[in-house]
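J.: okay, predicted coordinates and the sequence, questions at the end:
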Amino acid sequence: MIRRYVIIAIIIGFALLPSSAALRAIAAPSPPSEIVIGAALPLTGEESRVGTYFKAAYELAIKEVNDSGGIFLKDYNKKVPVRLIVYDDKTDPATSRDLYERLAVQDHVDAFLGGYSTDLIMAHTVVAQQHQIPYVNGGGAATKIYDRGFTTIFGLLSSIQALSLTECEFITKMQSEGKLPKPLKMAVVYENTPHGVDFSDGLNQCAKNQPQNFQIVMSEAFDLHGKDFAPLLSKVKAVNPDAFMADAHLDDYITMQRQFGQSGIHVKYITYGARGPEKSAHDALGDGVNYIVAASWWSNQLPGPAVKAFVTKWAAAYPSMSPEWFAALPYETVQVLVDGITAAGSLDKAKVTDALRKTDLHGTLMPTGTVKFQANGQVNNPFVVTQNLTGGNVIVVWPLSEATGKPLLPVP
């Protein structure tokens with residue numbers, strides 16, 4: 001009799017055990033209600049013009065993600081919407097660092113989107129590394145950002161040193177066609193930042209490796225956000241260069257080029273590094289921007305369906321804002337971060353960071369369409385060289401495979 005009761009009890013016990021589906025449900029963690037992504041941007045202060053573009057690009061990209069239902073997390077087998085938090089760091093490095101700390105410890109973000117400008121990014125990326133939070137940016141190119149051994153930092157801007165080398169390649173081609181003299185006597189002026197030092201180092205490397213092509217006749221740094229570059233330009237005029245090679249932020253480019261036009265200096269080649277084709281510069285200077293050559297990370301003149309699609313959607317969302325590189329790169333930054341989270345299938349920060357490290361995307365907005373990070377977290381994509389022509393026209397002149405027109409050199 002006792003044995004019978006034991007057998008009955010065992011049978012009842014098995015019957016009461018939850019099904020395998022129920023067991024999985026019990027074991028599975030509850031899905032998050034949202035994915036929190038944060039950034040601090042220079043929405044006021046000297047860099048507010050570009051910071052405003054970054055915010056608009058982030059918002060457009062996140063809206064598209066949420067319109068599709070969110071980011072799919074395989075850990076929960078569902079899409080989860082994204083909440084974007086953006087603070088104004090007022091173009092102040094200390095404030096920027098404090099705001100990223102707030103995002104980490106108070107807002108408990110799952111990931112960071114980066115800011116803009118070397119000094120700001122140098123300051124706040126320390127927070128991302130300290131808290132081991134994945135961080136992707138499209139606004140910092142200086143090698144010093146990525147040479148600190150940080151493991152959670154990723155950037156979509158190739159180095160400024162590579163920008164200089166790209167311009168040297170283009171110039172060498174122009175010399176071979178008889179459009180520029182050999183050697184090209186260069187007056188080099190650059191902002192007093194790691195960004196500017198990279199620019200100068202790249203040109204020095206060109207002069208060292210190709211003395212038959214390049215000769216530096218002047219090299220001098222200047223402070224950011226200057227109001228009067230007349231003394232610097234007087235030194236440029238005194239050395240009578242063939243080329244004026246400047247590295248400057250957008251506001252300094254506009255101020256310096258206005259004063260350059262008043263200085264009576266005439267050169268055969270003029271560049272402001274990554275600056276040149278911006279609509280705001282043309283609005284401010286008119287024909288004063290004609291013939292400037294720029295090497296940038298992106299151009300709305302690039303051929304290809306991804307670029308055309310972005311330009312169309314940007315125009316629809318922000319008809320009063322032209323599609324500059326500082327719209328496209330932060331937009332692409334969101335795509336890369338979303339891809340990393342999706343590949344991780346999780347909000348585990350270490351898994352997301354590891355997925356970002358393995359990024360290998362194709363068909364993106366970037367030149368060649370690819371995004372792949374080097375060991376230090378920075379991409380090494382080619383630059384696009386453009387030249388401003390009359391009437392507000394801009395053409396791609398390098399690489400030749402992407403060219404939309406022939407350069408007009410020497411400068412008339």
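T.: Received the coordinates, thanks.
J.: report pLDDT for the residue nearest the centre of the chain.
T.: Centroid-nearest residue in the chain: G138, 2.2 Å away (criterion: C-alpha atoms, centre = their mean). You'll see G138 listed with a pLDDT of 98.
J.: for it, which non-adjacent residue is closest in space?
T.: Once flanking residues are discounted, G138 sits nearest to L329: 3.3 Å by C-beta to C-beta, 6 or more residues apart in numbering. From N, CA and C alone the C-beta is placed, and that goes for glycine too.
J.: tell me the contacts of that neighbour?
T.: For L329, the contacting residues are A57, G138, G139, L156, L157, W297, W298, by C-beta atoms under 8 Å, 6 or more residues apart in numbering.
J.: kindly report the same for Y53.
T.: So Y53 contacts M321, E324, F326, A327, P330 (C-beta under 8 Å, 6+ apart).
J.: measure it to P42 for me?
T.: Counting by C-beta to C-beta, to the nearest Å, the gap from Y53 to P42 is 11 Å.
J.: just among the contacts of L329, which is most surrounded?
T.: Neighbour counts for these, by other C-beta atoms under 10 Å, peak at G138, which reaches 31 neighbours.
J.: correct me, but it touches P330?
T.: Yes - under the criterion of C-beta atoms under 8 Å, G138 makes contact with P330 at 4.7 Å.
J.: who touches both of those two?
T.: With contacts taken as C-beta under 8 Å, 6+ apart, the residues that reach both G138 and P330 are F54.
J.: D98: neighbour count?
T.: Neighbourhood size, D98 [other C-beta under 10 Å]: 17.
J.: can you report phi and psi for it?
T.: Dihedral pair for D98: phi -60, psi -40, per degrees, to the nearest 10.
J.: and Y116, that one's in a helix?
T.: No - Y116: not assigned to a helix; according to DSSP: H, G, I helix; E, B strand; the rest coil it is coil.
J.: that one reaches F326, doesn't it?
T.: Yes - using C-beta under 8 Å, Y116 and F326 qualify as a contacting pair, with a distance of 7.1 Å.
J.: anything in contact with each of these two?
T.: Here Y116 and F326 share the contacting residues V50, F54, G139, scored by C-beta under 8 Å, 6+ apart.
J.: next up, the contacts around the last one.
T.: It stands for G139. G139 touches V50, F54, G114, G115, Y116, S117, I121, L157, F326, L329, P330, counting by C-beta under 8 Å, 6+ apart.
J.: just list what the helix or strand containing M245 packs against, helices and strands only.
T.: M245 is located in strand 243-247, with elements delineated by DSSP states H and E. Strand 243-247 sits against helix 160-176, strand 184-191, helix 194-209, helix 250-263, strand 269-271, with contacts defined as 3 or more C-beta pairs under 8 Å, 6 or more residues apart in numbering; DSSP states H and E.
J.: what's that strand in contact with?
T.: Applying C-beta under 8 Å, 6+ apart, the external contacts of strand 243-247 come out as 160, 167, 171, 180, 184-191, 195-196, 199-200, 203, 236, 253, 256, 260, 265, 267-273.
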